[in-house]
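[1] This is a predicted model, with the sequence first.
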Amino acid sequence: MEALEYSEEIDFQKYWLVLKRRWLPATGVLAMAVAMSTLTVSRQKDSYKAEGKLLFKEDNSSSLTGLENEIGELKGLTNTSDPLATQAEIIRSRPLAQKTIEILELKDEEGNILDPKKLLSGLEVKPVNGTDVMGISYVSEEPEEAAKVANKIMEVYIENDIQTNRQKAVAAREFIAQQLPQVEANVSKSEEALRRFKEENRVVALQEEASASVSIISSLDNQIAQAQARLADASARSTQLRNQLQLNSQQAVALSSVSQSPAVQQALTQLQEIQAQLAVERTRYKEGYPSIENLKRKEAALEALVQKQVAKVLGGKQQVPTENLQIGELQEELAAALVDTEVERSGLGDHLKELQKSRTVYKTRSNSLPRLEQKQRELERRLEAAQSTYEILLSKLQETRVAENQTVGNASIISTAIVPENPIGSKKKLIIAAGGMVGILLGIATAFLLDLIDSSVKTVKEAKELFGTTLLAVVPAYGKSGKANYLLGESEQNSPIVFARDLPRSPFNEAYQMLQANLKFLSSDKQIKSIVVTSSVPKEGKSEVCANLAAAMAQVGRRVLLVDGDMRHPFQHHIWGLTNAVGLSNVLVGEAQFNMVVQEVMPGLDVLPAGVIPPNPVGLLDSRRMASLIEAFSEEYDSVIIDTPSLAGIADAAILGKMADGILLVVKPGVLDTASANAAQEFLVRANQNILGLVANGVIISNEPDSYFYYTQEQYREQDYGSKKLVDMENYSNN
């Protein structure tokens, strides 16, 4: 938890340092924003505000006319919508503003028709909380204009609301009038279909007919059962009578009919008399006797007469034997009974058939009743729907006609806007304050944007994180406020300061003493004697670090050799005031001996200049001769410091680093950029170099989030150290 809090504090300090580094552009942006807001305020004129109020209410015309009318009612489409807010947006619409401008003939300062956007910018429409009242105010530089615009906006809105409701009513009436004939035709069509259905299916009241059919079918079933019983009884009696008479029904009928005919009976009686006489005569005479023959002729004539009478009675040519016509009284009664029975049985059979036929008809009808009833209900529903639609349209037509003629809107003016006497409160201070706040925000944003665009390594902490190696020393920037009062290779005497020689008691020298002490204790197994000093990019002060590190080592009694291995831009001879006529390059090619070119600049400190700049420095440095020289230097001296070019596209430092005990990397915040640092770190890792650590050079302490150093109140006044004159500077001491 403590670590987290510390990290957050460091981040906050980092942001503060960003603002501190970029205070000048941030301040410029702030000043510009304040100046613009001040200029805007200075151009503003006094404004006047006039306010009126509208009351929104429900349309009560429906309660007065008795007709329902929803046209113009204030309702929201959703539960979250606010009808008053919707009306507020309508009041602020461009068409209403345009109409107001046209009516009042409003113009701008140049005499042109006022832009509706400008009118809307001064118009404020706001519902009064908790009420159905809408406040409408207008701000203008002219008090009379403010009141006129506010009042006219309300009037135009009410007129527009009434006109809109009328247009809705007209559109609805025209639509209904267009639909009525079609709906009326549908009603007539439905009525015709229902009537035709009833006529075709002989339908009057299906429900009553169904009940009656059930009752009739039940009654017919009873009658059929009774008729069947009676028919069976008649059939049994008829069979018994036929058996007794040995006659069929037709013969019995014929016999009964003949026996009841007077003509037949009279002829039969005469025939019987002739036959009786013939029988007597036959007893008296033989056949062929004239009287017998005469009687035979009479008998035949009477028999023919009987048959003729029988034929008349029976209505056909049916012949009945004469002997059958002569029956007794009992047989006659039986024959009559048989005839009656047959008549009864025949009638019962016909009656039973009629009953069964009727039952079949009623049963068929009753079976078709559900289908007919379903069809009738369907037709009735269609008719009811058509009639209902027709009635609704008639009612709505009446409502729309009423709504079309009404002149009542949803809102009324309850407070007109009056001409304001005093201008509204000035917001000049608020605008300036807002400009200042915006300027502060923009300034902060500008500072962070510039810092983001700037890819340079700004602090020692960033450099340490980029290289991921040990920080051995931090050398503060030289001069007032942490700024050097010289350029590389250029000062009043064209020579930088060697602090061990010129300012031995200064904190700068103490920083280099710390560096040499840390280098001494880096390895306990092997003493580090030869050190290659380089940097990622030029201008990081590696040559000065080499010179001051060598001087600090010599100051503690060590014998040190400072080799200028930068054969591209040698600089050590400028620092020590030497000539560069001969040096390392001459020794490597065999033109000079080491003892002839090395020069002692301080007690215990020898300097080997770079010598003549060769056309191919890499060819000289990457040689066995150079490796053997470094070995010889390491045996003769306690420490060998080699100044090399920067790593930016040059392999000199890497070549010498493999020959020495390690590489000391110099970084300078503000000069080194992230891309170069990453490239240098990747190059050193890929080359498998032994990186001893980092030296942060030219560090502005006030820009660092970590307190490596702090200022003291003691100041060095002007002093002379040999030939060098130092300006007044602030002292630094270790934390």
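    Yes, it's here.
[2] care to break this structure down by domain?
    Following automatic domain parsing, the chain resolves into domains at 1-42+433-454, 455-487+503-717.
[3] where among those domains is the average confidence lowest?
    Mean pLDDT values for the domains of the chain show the minimum at domain 1-42+433-454, a mean of 67.
[4] before we move on, back to that, between the domains of the chain, which one is nearest to residue 268?
    Nearest of the domains of the chain to residue 268, taken as Cβ to Cβ: domain 1-42+433-454 at 151.3 Å. Backbone N, C-alpha and C define where each C-beta goes, glycine included.
[5] before we move on, back to that, of all the domains of the chain, which one is nearest residue 51?
    Short answer: domain 1-42+433-454, nearest of the domains of the chain by Cβ to Cβ, at 24.5 Å.
[6] that older thread, the domains of the chain into a markdown table, with extra columns for mean neighbour count and distance to residue 150?
    Listed next are the domains of the chain as a markdown table, based on neighbours: other Cβ atoms under 10 Å; distance: least, Cβ to Cβ, whole Å:
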| stretch | mean neighbour count | distance to residue 150 |
| --- | --- | --- |
| domain 1-42+433-454 | 14 | 26 |
| domain 455-487+503-717 | 19 | 58 |
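[7] Please convert those domains to JSON lines, extending it with distance to residue 378.
    Compiled in JSON lines, the domains of the chain are given as follows (distance: least, Cβ to Cβ, whole Å):
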{"stretch": "domain 1-42+433-454", "distance to residue 378": "75"}
{"stretch": "domain 455-487+503-717", "distance to residue 378": "86"}
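[8] Tell me what the closest residue in space to residue 660 that isn't next to it in sequence is bridged to.
    Once flanking residues are discounted, residue 660 sits nearest to residue 530: 3.9 Å by Cβ to Cβ, 6 or more residues apart in numbering. For residue 530, the beta-bridge partners under DSSP bridges are residue 640.
[9] where do the helices sit along the stretch 151-300 of the chain?
    Here the stretch 151-300 of the chain has its helices, by DSSP state H, counting those that start in this stretch, at 206-245, 249-259, 262-284, 290-314.
[10] Please, where are all the strands along the stretch 351-500 of the chain?
    With DSSP state E, counting those that start in this stretch as the criterion, the stretch 351-500 of the chain has strands at 411-415, 471-476.
[11] Nearest to residue 303, out of those?
    Distance to residue 303, taken as Cβ to Cβ, is lowest for strand 411-415 among the strands of the stretch 351-500 of the chain, at 127.0 Å.
[12] so what strands line up beside the closest one?
    strand 48-56 (antiparallel).
[13] quick one: the partner strand to chain centroid distance?
    40 Å (Cα atoms, centre = their mean, to the nearest Å).
[14] Buried by neighbour count: which residues of it qualify?
    48, 49, 50, 51, 52, 53, 54, 56 (16 or more other Cβ atoms under 10 Å).
[15] out of the domains of the chain, which comes closest to residue 163?
    Of all the domains of the chain, domain 1-42+433-454 sits nearest to residue 163, with 41.1 Å by Cβ to Cβ.
[16] separation between the residue nearest to residue 660 and residue 637?
    Going from residue 530 to residue 637 by Cβ to Cβ, to the nearest Å gives 9 Å.
[17] Could you do residue 377 as well?
    Distance from residue 377 to residue 637, by Cβ to Cβ: 124 Å.
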